[in-house]
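J.: Okay, sequence plus prediction incoming.
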Amino acid sequence: MPWLELSAITGPLAKMGVDKAFTSLSRSEAVIKARRRLGLPAEPQAGDFEAIYRHALVDWGMFKPEAVLDFFRDERIYQAFRRAWHENNPQILQTEAGEVVRWAEEFGAFRGLEYDPRREIAAFTAAFDLIVDYTRTAAEARHDGDMSRLEGKMDEMLAMVRQRTPAGAGPAAIGGDVIFSGQFHNVIINLLSQLSHTTQGAGGFGGPTPPPLPPLDEDGRPPLPDPGSLPPRSRPVYGRNPLFTGREDELRDLARRLLYDPAGTPAVISTGIGGIGKTQLAVEFAYRFGRFFAGGVQWVSLADGDPAVVGAEVADCGALMGLWSPGEDVALGLAEKVARTAQAWRGAEPRLLIFDNCEEPALLARWRPAGGGARVLVTSRSDDWPAGFAALAVPTLPRAQSVALLREYLTPAGRAEPPAALDEVAAELGDLPLALTLAGSYLADSPSIRVARYLDDLRRVGPLDHLRPRDGATAYSWTTHDLDVARTFQISLEGLAPATRPPDAAARLVLAGATCLVPGEPFPWALAAGMVEAGDDAPLPDAAVRRLLALGLLERAGGGRLRLHRLVAAFAARALAGDLDAARAAVEGAVISLARQQDVRRDPRPIREWMIHFRHVTDSAMEATPPPRCAAIWAAT
């Protein structure tokens, strides 16, 4: 297929405003008429919202059904854009336009059309932002020289189009009226795509045009494309893990938030405990959906937090984006490279920025761009981000996916284990992906060790000791993260400073107390907070719980409940052994207090939600010699 170089045509046109309408465009004859009637008035002036909105609607609306265009002519949508633009607050658009979107979905405004209102708002917003950007930066059009060069290139283009037009093709090949204005280069690219799927040359704007975003399925979910290559100008820190298993729901959720929701949506924070696979999920998303971000996928680790270290990674993104020449690379300082990259990130071009291992909102605010077309994905152990961020908790794997992950290691080694045996292994490891990876690698390396024997060793020695990486083992970290499960949790525990921070001292007590509950089972927030004696510091109990959430040592379980993963519980019981006596007393006191509170209401339903913990704590108290609190616990109910 021949390549059609458009940059020489689109370059001058991008600098000029084109506001003459053309209708009844067909293959070659209508294009000739359009060229002869071409006028070159000024672009919309900066600050003229109505003109900018009109240009955006005309450019973006090419080939759109009338029902879709009428949606953006709706006064509510128009005013939402106006207020968001004047106040420089994308949240206004998200809120007000969201109400119209829900109305359109409920009443079927796009009924019979394969169009999704949220996707169309995102696409139109990108076009609107791009025109705003041009109004800020365009110089005066140099009409004479540009027009002369344009005439020659248009003739070349028409010749190419004639060659590629099938014999006998008529005006019906492109239906409906088409309006050209504003960014005329987009119109030409779309025209050629409609005519004969002609590919834009590499010298065009920003390299190859990304594929169109596929429509949502009948259940309103984004489709799941196969893994592919990252787009040009990307900074891929990690390669794709070929053994990645499951997570279809999480990938679709990320796609909806980062691709289909309107521009200006908050950063998506992928949260979870150590070893849950947050970074792996981000890598998989990049290789499946990165192709839809024309500006590429740029990956920056914030684990260190040092401005110089992070700045070097940001500068590396700028180099791969081609923001300076190889000759300039030596002359430019780090600060200038970071500034140029940050400026590019604030542009209108859609791109995906992944900030890995970011635990503090202030650190994210230091590096993420304000405005522009960039979408931001963050991985974090912290589950205590302020309101306004879009948190996406990454859970443990569903049991079927855990078993499938184990098989990814065992099948190539020729081991066909029964599902029930692998189910037991997954249950013992709490479906934690890191632990499953180590278990699968060990069993693949040890064909003479039966699964039943492996389970006995796990239970006898303890999973944390048995899961330690061994010399000569083939377990491989595709993200270069530590494969030692205990060390992964130790990093989180070391984030507590109990000697200097009262909330951290209380958090340590709550963590130790949570090990006295049934591992892996949800329990009420009030039960955790009840382990702390607040005294004169009323916020202290809640602050202690939030500290554990922020360090990835506790998880939210929905409905105001928390969960301590069974492997975190095993680690904490060992690491905090000296605190367990005080912790048991605190747990028993919290159980008594919460049970009495709920008993006063004479409603047994709340206590049923944590009855498993009530019985476990009671049984543990009765085993003590003498049983100090069991009578009081039973008396509470």
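T.: Alright, I've got the coordinates. Numbers count the residues shown, from 1 in each chain.
J.: Any idea how far apart the tips of stretch 341-350 sit?
T.: End-to-end distance of stretch 341-350 (C-alpha to C-alpha, to the nearest Å): 14 Å.
J.: Next, S270: secondary structure please.
T.: Counting by DSSP: H, G, I helix; E, B strand; the rest coil, the backbone at S270 sits in strand.
J.: Check A439 too.
T.: Using three-state DSSP, the secondary structure recorded for A439 is helix.
J.: ditto for R574
T.: Applying three-state DSSP: R574 is helix.
J.: Surely it is in contact with L464?
T.: Yes: assessed by C-beta atoms under 8 Å, R574 is found in contact with L464 at 7.4 Å. C-betas here are computed from N, CA, C, even on glycine.
J.: higher neighbour count, those two?
T.: Using other C-beta atoms under 10 Å, the more surrounded residue of R574 and L464 is L464, with 19 against 13.
J.: Identify the residues contacting the more buried one.
T.: Neighbour list for L464: 485-486, 567, 570-571, 574 [criterion: C-beta atoms under 8 Å, 6 or more residues apart in numbering].
J.: now do G559
T.: Applying C-beta under 8 Å, 6+ apart, we find G559 in contact with P522.
J.: Where does the prediction get shaky in this protein?
T.: Within the chain, the stretches with pLDDT under 70 are 1-46, 62-63, 103-115, 133-209, 263-265, 469-483, 624-637.
J.: tell me the centre residue of it?
T.: For the chain, the residue sitting closest to the mean C-alpha position, by C-alpha atoms, centre = their mean, is L377 at 4.0 Å.
J.: Whichever strand or helix holds it pairs with which strands, and in what direction?
T.: Taking DSSP states H and E as the definition, one finds L377 inside strand 374-380. The pairing partners recorded for strand 374-380 under DSSP bridges are strand 268-271 (parallel), strand 351-356 (parallel).
J.: ok, and what's touching the longest one?
T.: If you take C-beta under 8 Å, 6+ apart as the criterion, strand 351-356 is touched by 237, 258, 279, 282, 286, 289-290, 293-303, 345, 364, 367-369, 373-379.
J.: Of all the residues in the helix or strand just after that strand, which ones are buried?
T.: Using DSSP H and E, the helix or strand that follows strand 351-356 in sequence is helix 361-367. Of the residues in helix 361-367, 361, 363-364, 367 count as buried by neighbour count, 16 or more other C-beta atoms under 10 Å.
J.: Next: stretch 448-466.
T.: 451, 454-455, 458, 462-464, 466.
J.: Which of those fall in helices?
T.: Assigned to helices by DSSP state H, the following of the buried residues of stretch 448-466 qualify: 451, 454-455, 458, 463-464, 466.
J.: which one of these sits closest to Y442?
T.: Of all those, Y442 sits closest to Y454, with 7.4 Å by C-beta to C-beta.
J.: What sits closest to that closest one if chain neighbours are left out?
T.: Once flanking residues are discounted, Y454 sits nearest to L443: 6.3 Å by C-beta to C-beta, 6 or more residues apart in numbering.
J.: Let me know the helix or strand that that neighbour is in.
T.: Element membership of L443 [criterion: DSSP H and E] is helix 433-445.
J.: counting contacts, what elements does that helix pack onto?
T.: Applying 3 or more C-beta pairs under 8 Å, 6 or more residues apart in numbering; DSSP states H and E, one finds that helix 433-445 contacts helix 399-410, helix 419-428, helix 451-461, helix 485-493.
J.: Of those helices, give the one that comes closest to F614.
T.: Using C-beta to C-beta, the nearest of the helices and strands packed on helix 433-445 to F614 is helix 419-428, at 22.9 Å.
J.: between the closest one and helix 451-461, how many degrees?
T.: Per axes from the mean of the first three to the mean of the last three C-alpha atoms, to 10 degrees, the angle that helix 419-428 makes with helix 451-461 is 20 degrees.
J.: Contacts for helix 419-428 next, please.
T.: With contact meaning C-beta under 8 Å, 6+ apart, helix 419-428 is reached by 397, 399, 402-403, 406-407, 410, 436, 439, 451-452, 454-455, 458-459, 463.
J.: if you set the cut-off to 7 Å instead, what comes out?
T.: Counting contacts by C-beta atoms under 7 Å, 6 or more residues apart in numbering, the residues outside helix 419-428 that touch it are 399, 402-403, 406, 436, 439, 451-452, 454-455, 458, 463.
J.: In it, which residues are buried?
T.: Across helix 419-428, burial judged by 16+ other C-beta under 10 Å covers 421-422, 424-426, 428.
J.: how distant is stretch 451-459 from the center of its chain?
T.: Offset of stretch 451-459 from its chain centre (C-alpha atoms, centre = their mean, to the nearest Å): 37 Å.
J.: Same check on stretch 83-100?
T.: Its chain's average C-alpha position is 22 Å from that of stretch 83-100, according to C-alpha atoms, centre = their mean.
J.: what about the residue lying closest to P350 once chain neighbours are set aside, neighbour count?
T.: Distance criterion C-beta to C-beta, 6+ apart; nearest residue to P350, sequence neighbours excluded, is G373 at 4.5 Å. The tally of other residues near G373 (other C-beta under 10 Å) stands at 23.
J.: Please apply the same query to L551.
T.: Residues lying near L551 (other C-beta under 10 Å) number 25.
J.: do A550 as well
T.: A550 has 21 neighbours, counted by other C-beta under 10 Å.
J.: Surely it and D384 touch.
T.: Yes: between A550 and D384 there is a contact under C-beta atoms under 7 Å: 4.1 Å.
J.: Perfect, I'm done here.
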